[in-house]
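structure for the following, please:
(2 chains)
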Number of protein chains: 2
Amino acid sequence: MSMPVFDTAAIERAATADLVFEAVRESLIAHAHGRTTVPPPLHLRFPDTDGDCHVKAGWVTGDPDFTVKIATGFYGNPAAGLPTNHGLVCVISAQTGQVRAILDDRGLLTAWRTAAAGALITHAMARPDATTLAVFGTGEQARLQVEWLARLRPIAAILVHGRSWDRARALCEELTARGQHARPASAEEAAGADMVVTTTPASAPVLESAHVRDGAHVTGIGADMPHKNELPPALFGRAALIATDDHDQCLHHGDFGHAVRAGAVTATDDTPVGLLLEKPAERPDDAITVVDLTGVGALDAAVASAVLRELTR
Amino acid sequence: MSMPVFDTAAIERAATADLVFEAVRESLIAHAHGRTTVPPPLHLRFPDTDGDCHVKAGWVTGDPDFTVKIATGFYGNPAAGLPTNHGLVCVISAQTGQVRAILDDRGLLTAWRTAAAGALITHAMARPDATTLAVFGTGEQARLQVEWLARLRPIAAILVHGRSWDRARALCEELTARGQHARPASAEEAAGADMVVTTTPASAPVLESAHVRDGAHVTGIGADMPHKNELPPALFGRAALIATDDHDQCLHHGDFGHAVRAGAVTATDDTPVGLLLEKPAERPDDAITVVDLTGVGALDAAVASAVLRELTR
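Below is the predicted model:
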């Protein structure tokens, strides 16, 4: 039996928004209840070429497949006309260990599951009547967070803050072309939106706690290494509810960890996002809520497994 | 560009003994000099189906490619008529992070690099006039250790010891059919050979130190997890020279670690095998030498990279 390899176009057709939302929601709930296996990732660095490689594995207990995902980032690639990121997902039978397929998705499924997770939890934690959304960052994930949240609730206005005003304007034009009302904004103005999503590789907070309004919800997406930090500890200190997608990971390399080490909150102040997706928490109108998402390997497994089912049915 | 997948038959043709010996030798030497990157492996367990998955990565500094190797073992597979082990090797550019190829080798290259490493170091450490070889274990690696060592030096007689006398006899018949002189032996007799190679999944020593003769060389291949143990601590205590393929790994999950924890030797008593391949150590005729091999990810990278060069030239 030769090993099937599915390319990005096939994967893109199979991975509908409904399929991705469902797989992400179910796997975040499973993860909150400890029904997942997510070993510590493997990591290589290539200092001479400013590159790295992360390998993440995950399994939702009882699912027919698990996945091993390889993702590389080589930051000098754009200068040579190549994409920064490459990668693939191996889908492996949890019954026999046979490799069932390679999804040559070039990072697409990771981008989409990250967008879906951010959108689901932003929607679940924000006030029902929240209508303005700010995104910090102007990259792919900034655009995706808007797109995927717009599938779950109406967004009256979008504020985009980036270090580059030109890039912020370009993203706004792209969003406007898709029917959204979007405009660039200062960090202070953006931090005052009803819903704030940060999608940057920053290593120092991108907004000030004082600029976040009572009643707002803030979703941190960018932190995936110990030195990265988007949200100020003081914001966690003000929050009535803090959620994390993985307690240990968020402590180790998320914004939550920075807040704990700064003494703004204690290490037990977080709630698993899966529990909030299962049963939304009641929130006073003036409460601030914050979620720290660092990415969980079980989501890759759930999404890839669902995509492969679709591709082979 | 679609991703090339090479199957086992193509890999088998490309991976000549010369190519594998050369890649293994060079990468063991590079590893001894710290010119490799070998992150801790990633590991998943599937208790309900008695399965596991190991992911190992490796890079020889400066080489054009690195590898991520996925290997599964599902121990209930044979009952369903399936092989226990599956796996593949992803060869990735260390310049750009692009996946260059998938080697769908089903574990072949791991088996061969393990055989080549064992043969190279047994040949380098054993007395030049050593002629009898004993193997403990009757599986694939037992056969391969004999085959690959026979490519490096003449072997006058082979003793095979296994828990199953029938399997030992079957392996001897196979070796005899290939022109070797092989017969089953007791553990005591086998331990008295000039060269002893252990290839078992044992969790307690398979031979007694007292049965090993002065002047003998012993190579331990089987230990790859903390609970596994093939060689008795007392044997390490008698050894004039102890070598390890990776100091930290051998301490953590090799026979050397058992000997250190038993107090038979200290944690600094080992020499990297790569140094002995570069420049053979002088050994008194009556000295006992021991090597503990646990498997190094850099070897996978070197072998896969060399095979891919051959496949695409």
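
now do the SS call for the residue most central in space within chain A.
Nearest residue to the geometric centre of chain A (CA atoms, centre = their mean): residue A:114, 3.2 Å. Counting by DSSP: H, G, I helix; E, B strand; the rest coil, the backbone at residue A:114 sits in helix.

mind listing what it touches?
Residue A:114 makes contacts with A:141, A:144, A:221, A:293, A:295, as judged by CB atoms under 8 Å, 6 or more residues apart in numbering or on different chains. In short, each C-beta sits where N, CA and C put it, glycine included.

where does it land on pLDDT?
On pLDDT, residue A:114 comes in at 96.

repeat that for residue A:75.
For residue A:75, the predicted pLDDT is 88.

run a quick check on it versus residue A:50, I expect a contact.
Yes: with contact defined as CB atoms under 8 Å, residue A:75 counts as touching residue A:50 (4.5 Å).

does chain B sit close to stretch A:23-31?
No: contact between stretch A:23-31 and chain B is absent, the nearest approach being 14.9 Å (criterion: CB under 8 Å from any CB of the partner chain).

list of residues touching that stretch?
Taking CB under 8 Å, 6+ apart as the rule, stretch A:23-31 contacts A:36, A:38, A:60-61, A:113, A:116-117, A:120-121, A:245-246, A:272-275, A:277-278, A:296, A:298-299, A:301-303, A:305-306.

for that stretch, give the mean pLDDT please.
Mean predicted confidence for stretch A:23-31 is 98.

can you give me the offset of that stretch from its chain's centre?
Centroid separation for stretch A:23-31 versus its chain: 13 Å, with CA atoms, centre = their mean, to the nearest Å.

ditto for stretch A:223-236
Counting by CA atoms, centre = their mean, stretch A:223-236 is centred 14 Å from the centre of its parent chain.

and it, which residues are buried?
Residues of stretch A:223-236 classed as buried under the neighbour-count rule (16 or more other CB atoms under 10 Å in any protein chain shown) are A:223, A:224, A:225, A:228, A:229, A:230, A:231, A:232, A:233, A:234, A:235, A:236.

wait, which of the residues you listed is closest to chain B?
residue A:225 (14.9 Å; CB to the nearest CB).

grab the nearest non-local neighbour of the closest one.
residue A:253 (5.3 Å; CB to CB, 6 or more residues apart in numbering or on different chains).

likewise residue A:210?
Here the residue nearest residue A:210, using CB to CB, 6+ apart, is residue A:234, at 7.8 Å.

please apply the same query to residue A:272.
residue A:32 (3.6 Å).

domain assignment for chain A?
A:5-109+A:298-312, A:117-295 (automatic domain parsing).

strands along the stretch 1-150 of chain A, start to end?
Taking DSSP state E, counting those that start in this stretch, the strands of the stretch 1-150 of chain A run over residues A:5-6, A:36-37, A:42-46, A:51-60, A:65-74, A:85-93, A:99-103, A:132-136.

quick one: closest of these to chain B.
Nearest of the strands of the stretch 1-150 of chain A (CB to the nearest CB): strand A:65-74, 3.0 Å.

please identify the most buried of the strands of the stretch 1-150 of chain A.
strand A:132-136 (a mean of 27; mean count of other CB atoms under 10 Å in any protein chain shown).

report the distance from that one to the chain centre.
15 Å.

roughly how far does the nearest residue to residue A:181 once chain neighbours are set aside sit from residue A:29?
Counting by CB to CB, 6+ apart, residue A:157 is the residue found nearest to residue A:181 once chain neighbours are left out, at 4.9 Å. Distance check for residue A:157 against residue A:29: by CB to CB, to the nearest Å, it reads 31 Å.

more neighbours, those two?
Between residue A:157 and residue A:29, counted using other CB atoms under 10 Å in any protein chain shown, the more crowded position is residue A:29 (19 against 15).

can I get the contacts of residue A:114 in CSV with pLDDT, neighbour count and distance to chain B?
Output for these, formatted as CSV (pLDDT from 0 to 100; neighbours: other CB atoms under 10 Å in any protein chain shown; distance: CB to the nearest CB, whole Å):
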residue, pLDDT, neighbour count, distance to chain B
A:141, 94, 21, 19
A:144, 97, 20, 21
A:221, 95, 28, 22
A:293, 97, 28, 21
A:295, 92, 21, 15
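
would you map the helices across chain A?
Assigned by DSSP state H, chain A shows helices spanning A:8-14, A:17-32, A:108-125, A:140-150, A:165-177, A:187-191, A:233-238, A:247-253, A:255-261, A:273-278, A:297-312.

list the contacts for the closest residue to chain B within the stretch 201-313 of chain A?
Of all residues in the stretch 201-313 of chain A, residue A:297 sits closest to chain B, at 9.7 Å by CB to the nearest CB. For residue A:297, the contact set (CB under 8 Å, 6+ apart) comprises A:38, A:39, A:41, A:56, A:57, A:58, A:67, A:69.

let's see that with 7 Å instead.
A:38, A:56, A:57, A:58 (CB atoms under 7 Å, 6 or more residues apart in numbering or on different chains).

not counting residues beside it along the chain, what's closest to it?
Nearest to residue A:297 is residue A:58, by CB to CB, 6+ apart, at 3.0 Å.

and for residue A:176?
Residue A:176's closest residue in space is residue A:182 (CB to CB, 6+ apart), at 5.5 Å.

tell me, how many residues neighbour that neighbour?
Considering only other CB under 10 Å, residue A:182 is surrounded by 23 other residues.

please tell me how far it sits from residue A:117.
22 Å.

same question, residue A:158
Distance from residue A:158 to residue A:117, by CB to CB: 19 Å.

same check on residue A:274?
In terms of CB to CB, residue A:274 sits 10 Å off from residue A:117.

mind checking how far stretch A:275-295 is from the chain centre?
That offset, for stretch A:275-295, works out to 15 Å (CA atoms, centre = their mean).

so which bits of that stretch are buried?
Going by 16+ other CB under 10 Å, stretch A:275-295 has these buried residues: A:276, A:277, A:283, A:287, A:288, A:289, A:290, A:291, A:292, A:293, A:294, A:295.

try stretch A:18-32
A:19-21, A:23-32.

which two among those are spaced furthest apart?
Largest separation among the buried residues of stretch A:18-32 by CB to CB: A:19 and A:32, giving 20.8 Å.

returning to what we had before: who has more neighbours, residue A:158 and residue A:117?
residue A:117 (28 against 25).

what about the stretch 1-150 of chain A, any weak spots by pLDDT?
A:1 (pLDDT under 70).

enumerate the residues of it near chain B.
Neighbours of chain B within the stretch 1-150 of chain A, by CB under 7 Å from any CB of the partner chain: A:2-3, A:5, A:7, A:37, A:39, A:41-44, A:46, A:49, A:51, A:53, A:55, A:57, A:59, A:66, A:68, A:70, A:72-74, A:77, A:82, A:86, A:88, A:90, A:92, A:94-99, A:102, A:104.

if I look at residue A:121, how far off is chain B?
In this structure, residue A:121 and chain B are 26 Å apart, going by CB to the nearest CB, to the nearest Å.

was I right to think that residue contacts residue A:291?
Yes: Residue A:121 is within contact range of residue A:291, at 5.2 Å (criterion: CB atoms under 7 Å).

name the residues contacting each of these two.
With CB under 7 Å, 6+ apart as the test, residue A:121 and residue A:291 both reach A:219, A:243, A:273.

so what's the second one closest to, chain neighbours aside?
Translated: residue A:243. Here the residue nearest residue A:243, using CB to CB, 6+ apart, is residue A:291, at 4.2 Å.
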